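Novice: model this:
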Amino acid sequence: MNTPTSRGRRRAPTRIERAAGRAAALQRPRVILALLLLLALTCVMLLDGYLRAEVGGDQRVRSGADSSEVPDAILDGGPILTFRGGRATTVSVPAKTIALTFDDGPNPTWTPQVLKILRKYDVPGTFFLVGSMVSRYPGIVRTMVEQGNEVGIHTFTHVDLSYQSASRVDREMEQTQLALAGAAGITTTLFRAPYSSETDAIDDYSWPVYERLGKDGYTSVFVDTDSDDWKRPGVSDIVRWATPKGTQGASVLFHDAGGERSQTIAALPEYIEKMKAKGYTFTTISGVMERQRAAQRQTAGGGTPTGPGPQAAHHKATGLTLYEGKALVAAVAVAEWTVPALSVGLVIVGVAVLGRFGMMLVLARRHHRQRNGRRFGWGPPVTGPVSVIVPAYNEKECIAHTLQSLARSTHPIEIIVVDDGSTDGTSRIARDAAESLGMANVRVIRQENAGKPAALNNGVRNASYDIVVMMDGDTVFEPDTVRQLVQPFADPSVGAVAGNAKVGNRTTVIGAWQHIEYVMGFNLDRRMYDLLRCMPTIPGAIGAFRRDAVLAVGGMSEDTLAEDTDITIAMHRAGWRVVYQEHARAWTEAPGSLGQLWSQRYRWSYGTMQALWKHRESLTDRGPSGRFGRVGMPLVVIFQVVTPLLAPLIDVFTVYSMIFVDLRAALLAWLAVLGVQLLCAAYAFRLDREKYRYLLMMPLQQLAYRQMMYLVLIHSCVTALTGGRLRWQKLKRTGEVGTPAGAG
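Specialist: Now for the predicted structure:
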């Protein structure tokens, strides 16, 4: 923020502030895009659940209600209910006429077979379709209409409308109309209520629904004869129950969906042949209504008119309705593909995550036993002095604590503080601290602001010894840390060593979450990677290298934002072994706010992707470089990019299942996974001799912290895919990690 000068004017922003402002402006759209992707995925899941009646479903079915408010003429009338002119009237099916109707479709298995039979016998049908099924199988509906059949609405989610509010009724009808418009380019005026039967079953709760829909122009259709094929009584019973008495006409009900319909498919040809043999003709509901109007005109002396055909209930969808319908069908197609794909992916991820946990436990136990065994040794003790490089940019809060911790080192060291253009007096504070501590082994080098890699390279060039230890300016070492860290260099094949980074400021919730992550997610991982000889990252807070090896691979590269991952992979590719030293502990100040944490993890995540892309050729290399490409690269991609990207979706699916599917089963599954994670975390805490009380924060970490890491990773992926570049982001420090003892 600009501050007023003594003359009341605001100073101009510095070059660094302007660059930071530009970077922030560039990142905001990507953050928004990341959030929009999460929102889109949530909407897709809710849409899929709604289509399957898992979201907003209502299984209530009314029965035994009174019908005192329903007119007797309606209760005793025909199966077609209209409200022309605002007056309720019914239409009966003429003698020796069958209006063949089908409910609950379309179904991808049974509806095409029904259509094939109708086409073979040249018989039209009237299909009362469930809107959610229409949107899922639009091609079947299109074929149905093109074949000359008629369609009506059977609501969108197959709910009993007598229980629903007026707005829900409207929504059920409108959404089904949109589905029909998107699927076949039509709308319809026909309606059949789910769970309805004959008109004498209309009750005082459903009658207002029919009246309301009638005023909106809908014709409600009931049945005269029910085949009861849904009971699967056998082909002969289905045919017999569907046959009207004598020569009566009938609206006959079959089902082309809603269950196993093989008996319906077998009964339908037999039924059609039987009724044709008895002299019956087949028509649609609109055909029945047109015959009644024709009869009325003849009675009135008007002759036989030429009126609309048997599909008069259909109207061509146009304008906004057509486009909204197509959009609905397209969205459903996306949901139909996305959710099953995610389900399969999550199963794979779940198996991979559990497999990883198992592998981590086995290899971590082996690593601990091997490195702490009585017979284990790296070789002759390393006792020679080493160089400790401390890159620092505006570390006035922390640099004195860092030097104080190094002053107590039990191993001979020289300290090189590289001030990377600090503006807060970091170099002066470092010199004063060294002088007050009587540390003659401290050199402070100032350079123009060029970034952390340049500062580290400057320190390496000025180092006096063959082994260089690198640490952050906000980190403190225990007295024995450097001695422990350099012992693996007794093995001439070791080129770099990763230390054990600890979170010092763990008293807050955010700090506790990061503490769990460091102990379990980082250090337990490093034990596994160590044994597999594919360590991907030496932490910037604590790492040691052979100086000549660093110079040979070109030093710390500025190509990526994760220079620690970049140099580690480069060491592998150069043939050096990289190991983990659990007893070399460093205490670092973790981000203290969600904003700071986001910035840090965003940089880590994006930098890791950059490093993996930079070293992609290791996948085809031979020798040590090829080993990292074949083993390390896939593990990092799977467990640090793909798995974290998908793992939080497990929580989303769990919440979805708890609310809409099976609360108990979903909760037990989530608790089982949490139990496995707690087991791994507890073992990691045991190996590091940490206090178990922090594990009480783990369930909350899984619910909140992991979702944030997911958004960070999405943000990083979007940045990578859009070709964005991210500048180094300096985190705000408080200096609260003063000593190793105080950090515990």
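
Novice: Go through the chain and flag its longest strand.
Specialist: When the chain is parsed with DSSP state E, its longest strand is strand 577-588.

Novice: strand partners of that strand, parallel vs antiparallel please.
Specialist: Using DSSP bridges, the strands paired with strand 577-588 in its sheet are strand 475-477 (antiparallel), strand 494-503 (parallel).

Novice: distance of Q177 from T188?
Specialist: 7 Å (Cβ to Cβ, to the nearest Å). Any C-beta I mention is one placed from the backbone N, CA and C, and that applies to glycine too.

Novice: any weak-confidence spans in the stretch 51-200 of the chain?
Specialist: Applying pLDDT under 70 to the stretch 51-200 of the chain flags the ranges 51-58.

Novice: Test my guess that G421 contacts G451.
Specialist: No: with contact defined as Cβ atoms under 8 Å, G421 does not count as touching G451 (9.5 Å).

Novice: Might you report the residue contacts of P340?
Specialist: Residues in contact with P340 (Cβ atoms under 8 Å, 6 or more residues apart in numbering): none are found.

Novice: which element is it on?
Specialist: Per DSSP states H and E, P340 falls inside helix 319-371.

Novice: now that helix: mean pLDDT?
Specialist: Helix 319-371 shows a mean pLDDT of 84.

Novice: Could you tell me how many residues sit around P71?
Specialist: Look at P71: counted by other Cβ atoms under 10 Å, it has 13 neighbours.

Novice: Repeat that for G246.
Specialist: As a burial measure, G246 scores 7 neighbours (other Cβ under 10 Å).

Novice: Adjust the sequence numbering to begin at 26 for everything that follows.
Specialist: Noted, 26 is the first residue going forward, which turns the last one into G271.

Novice: which stretches of the chain have low pLDDT?
Specialist: Along the chain, the model assigns pLDDT under 70 to residues 26-60, 62-63, 66, 70-83, 324-336, 671-674, 676, 681, 685-686, 745-769.

Novice: Tell me how many other residues surround M722.
Specialist: 17.

Novice: quick one: contacts for the residue nearest to it when sequence neighbours are not counted?
Specialist: Taking Cβ to Cβ, 6 or more residues apart in numbering, and ignoring the residues beside it in sequence, M722 has A537 as its nearest neighbour in space, at 4.6 Å. Listed by Cβ under 8 Å, 6+ apart, the contact set of A537 reads 531, 719, 722.

Novice: just checking, which of those residues belong to strands?
Specialist: The strands, defined by DSSP E, take in nothing from those.

Novice: give the contact list for Q172.
Specialist: 140, 143-144.

Novice: Might one say that H339 is in contact with E171?
Specialist: No: with contact defined as Cβ under 8 Å, H339 does not reach E171; the gap is 11.6 Å.

Novice: So for the two, which sits in the more crowded spot?
Specialist: Taking other Cβ under 10 Å, H339 and E171 do not tie; H339 has more neighbours (22 against 9).

Novice: Please tell me how far the closest residue in space to T224 that isn't next to it in sequence sits from Y708.
Specialist: In this structure, T224 finds its nearest non-sequential neighbour in F247, 4.9 Å apart by Cβ to Cβ, 6+ apart. Per Cβ to Cβ, F247 is found 67 Å from Y708.

Novice: same deal with S682?
Specialist: Distance from S682 to Y708, by Cβ to Cβ: 29 Å.

Novice: what's the answer for G150, then?
Specialist: 65 Å.

Novice: Out of the two, name the residue with the larger neighbour count.
Specialist: Set side by side, G150 and Y708 show more neighbours around G150, with 26 against 18, by other Cβ under 10 Å.

Novice: The more buried one contacts L143, doesn't it?
Specialist: Yes: G150 is in contact with L143 according to Cβ under 8 Å; the separation is 5.3 Å.
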